[in-house]
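S.K.: How does the following fold in three dimensions:
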Amino acid sequence: MNGIINVYKEQGFTSHDVVAKLRGILKFKKIGHTGTLDPDAVGVLPVCLGKGTKICSMITDWDKTYEAVMLLGTITDTADISGNVLKSSEVNLTEADVLEACESFIGEYMQVPPMYSALKVKGKKLYDYARSGIEVERKARKVVIKSLHVNDIDLEGKQKFVTMTVECSKGTYIRTLCEDIGNKLGCGACMYKLTRKRVGQFCIDDTLTLNQISALVLKGEFESVVKAIDDMFPQYPKLEVTVEGDKLLHNGNKIDLEYKEQFIKQFEGIDFVEGDKLRLYDSNGIFVGVYRVCEGLLTPIQMFYDANE
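M.R.: Predicted coordinates:
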């Protein structure tokens with residue numbers, strides 16, 4: 001079983017929990033998730049199966065969309081509501097203040113990863129240092145907030161909330177974004193709720209809960225919801241090789257574009273620009289791997305072919 005499924009991660013589960021439960025449901029060991037989602041967060045978690053696990057690292061590069069609820073006036077050690085409150089402040093802001101601060105983060109900005117995160121420093125995860133009371137210096141990293149739309153501002157109640165939809169690059173911590181917005185406003189803030197709405201082409205409307213997946217397995221219908229590996233790369237042109245090219249492709253060899261007429265079935269309309277990526281298929285139409293144009297050669301980036309299958 002090879003491919004990717006779009007799982008709805010429920011509150012209280014870690015991404016690792018989801019993988020462990022799926023192994024039990026599917027009776028299948030080769031499963032991997034595509035990037036951690038906080039236990040309190042919910043939403044889209046693409047999970048790779050079989051040879052699909054080879055693209056886990058490639059999927060983590062995809063842009064993501066979140067809906068976040070930010071609590072103003074509260075600072076915690078984890079930057080979200082699950083942490084210990086370090087400081088509480090009165091919130092005396094207007095909606096215009098909030099909008100201006102939020103919009104100022106659109107574009108590139110340097111973000112310091114939170115201590116309570118799975119990033120590793122000297123082989124140890126940051127949250128392990130944090131739980132031991134050790135503060136580790138972290139370098140700021142460039143992230144991109146592609147869009148930030150404020151959906152709702154509630155400054156009337158005892159607690160003041162801002163709900164926003166954020167489209168961002170890989171490596172963006174929404175908890176830290178909330179904290180940074182709060183610091184800019186002068187009252188502090190933490191993340192109150194988080195829903196991941198999209199990861200690349202995977203959207204929340206198409207997710208399946210673990211219970212739904214279990215029901216599909218019992219009905220023998222599970223494979224119908226597994227997306228093919230090559231469907232993950234629709235942006236890369238498709239090339240099929242000739243019978244003469246099969247041996248090169250199946251062995252993971254490079255293909256010299258000087259001999260493309262001999263090894264490639266059809267290449268009209270493809271310019272083979274240096275650095276471009278392509279999906280390569282054998283003469284039987286079986287997806288073999290993702291290749292890159294490099295110095296006049298098609299060079300494999302990731303192979304998915306198994307001669308024993």
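
S.K.: Just give me the neighbour total for the closest residue to Lys30 other than its chain neighbours.
M.R.: Leaving aside its sequence neighbours, Lys30 sits nearest to Gly50 (Cβ to Cβ, 6 or more residues apart in numbering; 5.2 Å). Backbone N, C-alpha and C define where each C-beta goes, glycine included. A total of 20 residues lie near Gly50 under the criterion other Cβ atoms under 10 Å.

S.K.: Same check on Val98?
M.R.: Applying other Cβ under 10 Å, we find 22 residues neighbouring Val98.

S.K.: Check Leu239 too.
M.R.: Close neighbours of Leu239, defined as other Cβ under 10 Å, add up to 23.

S.K.: now do Phe233
M.R.: Burial of Phe233, expressed as a neighbour count using other Cβ under 10 Å, amounts to 17.

S.K.: Which element, helix or strand, includes the closest residue to it other than its chain neighbours?
M.R.: When the adjacent residues along the chain are set aside, Phe233 lies closest to Arg279, with 5.4 Å between them (Cβ to Cβ, 6+ apart). With elements delineated by DSSP states H and E, Arg279 resides in strand 277-281, which encompasses its position.

S.K.: what does Ile270 give?
M.R.: Per DSSP H and E, there is no helix or strand for Ile270.

S.K.: cool, Gln212 as well?
M.R.: Under the criterion DSSP H and E, the helix or strand holding Gln212 is helix 210-219.

S.K.: Okay, helices next: where are they in the stretch 101-250 of the chain?
M.R.: Secondary structure of the stretch 101-250 of the chain by DSSP state H, counting those that start in this stretch: the helices cover 126-131, 174-185, 210-219, 243-250.

S.K.: Deepest in the core, which of those is it.
M.R.: Burial among the helices of the stretch 101-250 of the chain, expressed as mean neighbours by mean count of other Cβ atoms under 10 Å, is greatest for helix 174-185, which shows a mean of 22.

S.K.: for that one, packing partners?
M.R.: In terms of contacts (3 or more Cβ pairs under 8 Å, 6 or more residues apart in numbering; DSSP states H and E), helix 174-185 is packed against strand 64-72, helix 95-103, strand 107-111, strand 160-168, strand 189-199.

S.K.: Throw the ones you listed into TSV and include mean pLDDT and distance to Leu239, thanks.
M.R.: Output for the helices and strands packed on helix 174-185, formatted as TSV (pLDDT from 0 to 100; distance: least, Cβ to Cβ, whole Å):
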stretch	mean pLDDT	distance to Leu239
strand 64-72	97	30
helix 95-103	97	44
strand 107-111	95	35
strand 160-168	97	32
strand 189-199	96	27
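
S.K.: In JSON lines, list the ones you listed along with distance to Lys125.
M.R.: Formatted as JSON lines, those follow (distance: least, Cβ to Cβ, whole Å):
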{"stretch": "strand 64-72", "distance to Lys125": "21"}
{"stretch": "helix 95-103", "distance to Lys125": "30"}
{"stretch": "strand 107-111", "distance to Lys125": "18"}
{"stretch": "strand 160-168", "distance to Lys125": "22"}
{"stretch": "strand 189-199", "distance to Lys125": "20"}
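
S.K.: From the chain's centroid, how far away is the strand holding Arg279?
M.R.: Between the centre of strand 277-281 and the centre of its host chain there is 22 Å, according to Cα atoms, centre = their mean, to the nearest Å.

S.K.: Same question for it: list its buried residues.
M.R.: Leu278, Arg279, Leu280, Tyr281 (16 or more other Cβ atoms under 10 Å).

S.K.: do you know how far the last one is from Gly200?
M.R.: Tyr281 sits 22 Å away from Gly200, taking Cβ to Cβ, to the nearest Å as the criterion.

S.K.: same question, the third one
M.R.: Applying Cβ to Cβ, the value for Leu280 to Gly200 is 21 Å.

S.K.: next one: the second one
M.R.: Summarising the geometry, the distance separating Arg279 from Gly200, computed by Cβ to Cβ, is 16 Å.
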